[in-house]
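Asker: structure for this input, please:
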Amino acid sequence: MSDFVTLKRNCDFRRIYARGKSAVSPALVVYFMRNHTGKNRVGFTTSKKIGNAVTRNRARRILKEGLRRVMPDIKTGYDFVLVARNKTKYLKSTDISAALTTLLKDKGLILPVEE
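Answerer: Presented below is the predicted three-dimensional model:
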């Protein structure tokens, strides 16, 4: 069982783009907003600028794996849209998870570390 629900409807993506906040790195762009459901919902986007279908699917797989590594540390109750950038296709999932952790920590969405 995955730790998040996948967003699939266009209206959900448009709502997050319009009303959500964003964080940008050279590897990816993250849009996020509260959803009041108690669960994290995530959508993945790769445009045709990334490359052909094989390249776009690889970029999505890299984003999903990077998010899977970071998901236990993320606060619940948010909608996320992860947008692949041109550099994403050359990176590993560990690079994506590090970039994602940095972006979300700057926005206050990472749970504090308990010692």
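Asker: which residues does residue 44 bridge with?
Answerer: residue 82 (DSSP bridges).
Asker: count of neighbours near it?
Answerer: Per other C-beta atoms under 10 Å, the neighbour tally for residue 44 reads 20. Where you see a C-beta, it was placed from the backbone N, CA and C, and this is true even at glycine.
Asker: quick check: the residue most central in space within the chain vs residue 25, distance?
Answerer: Centroid check for the chain by C-alpha atoms, centre = their mean gives residue 82 as the closest residue, at 3.3 Å. For residue 82, the distance to residue 25 equals 11 Å [C-beta to C-beta, to the nearest Å].
Asker: swap in residue 12?
Answerer: 23 Å.
Asker: mind listing the helices in the chain by residue range?
Answerer: Per DSSP state H, the chain carries helices over the ranges 10-19, 53-70, 93-106.
Asker: what lies in contact with the longest one?
Answerer: This points to helix 53-70. Here helix 53-70 makes contact (C-beta atoms under 8 Å, 6 or more residues apart in numbering) with 2-4, 28, 42, 44, 46-48, 50-51, 80, 82, 84, 88-89, 91-97, 99-101, 104.
Asker: please check these and keep the buried ones.
Answerer: Among those, those classed as buried by 16 or more other C-beta atoms under 10 Å are 4, 28, 42, 44, 46, 50-51, 80, 82, 84, 88-89, 91, 93, 95-97, 99-101, 104.
Asker: quick one on the thing from earlier: my guess is the residue nearest to the centre of the chain meets residue 41, correct?
Answerer: No: contact criterion C-beta atoms under 8 Å: residue 82 and residue 41 do not qualify, at 11.7 Å.
Asker: run through this structure and note the low-pLDDT ranges.
Answerer: For the chain, the stretches with pLDDT under 70 are 1-3, 114-115.
Asker: how about the CA coordinates for stretch 75-94, as CSV?
Answerer: Extracted in CSV, the C-alpha atoms of stretch 75-94 (Å, rounded to 0.1, in the frame of the first residue of the first chain):
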residue,chain,number,x,y,z
LYS,A,75,3.2,16.4,7.0
THR,A,76,-0.1,15.0,6.1
GLY,A,77,-3.1,16.8,4.7
TYR,A,78,-1.6,18.3,1.6
ASP,A,79,-2.0,18.1,-2.1
PHE,A,80,1.2,18.0,-4.1
VAL,A,81,1.9,18.3,-7.9
LEU,A,82,5.5,17.4,-8.9
VAL,A,83,6.5,18.8,-12.2
ALA,A,84,9.6,17.3,-13.9
ARG,A,85,12.1,19.7,-15.5
ASN,A,86,14.5,19.1,-18.3
LYS,A,87,17.3,18.1,-15.9
THR,A,88,15.1,15.4,-14.2
LYS,A,89,15.8,12.8,-16.9
TYR,A,90,19.5,12.8,-16.1
LEU,A,91,19.2,12.5,-12.3
LYS,A,92,18.8,9.5,-9.9
SER,A,93,15.9,9.1,-7.4
THR,A,94,18.3,9.9,-4.6
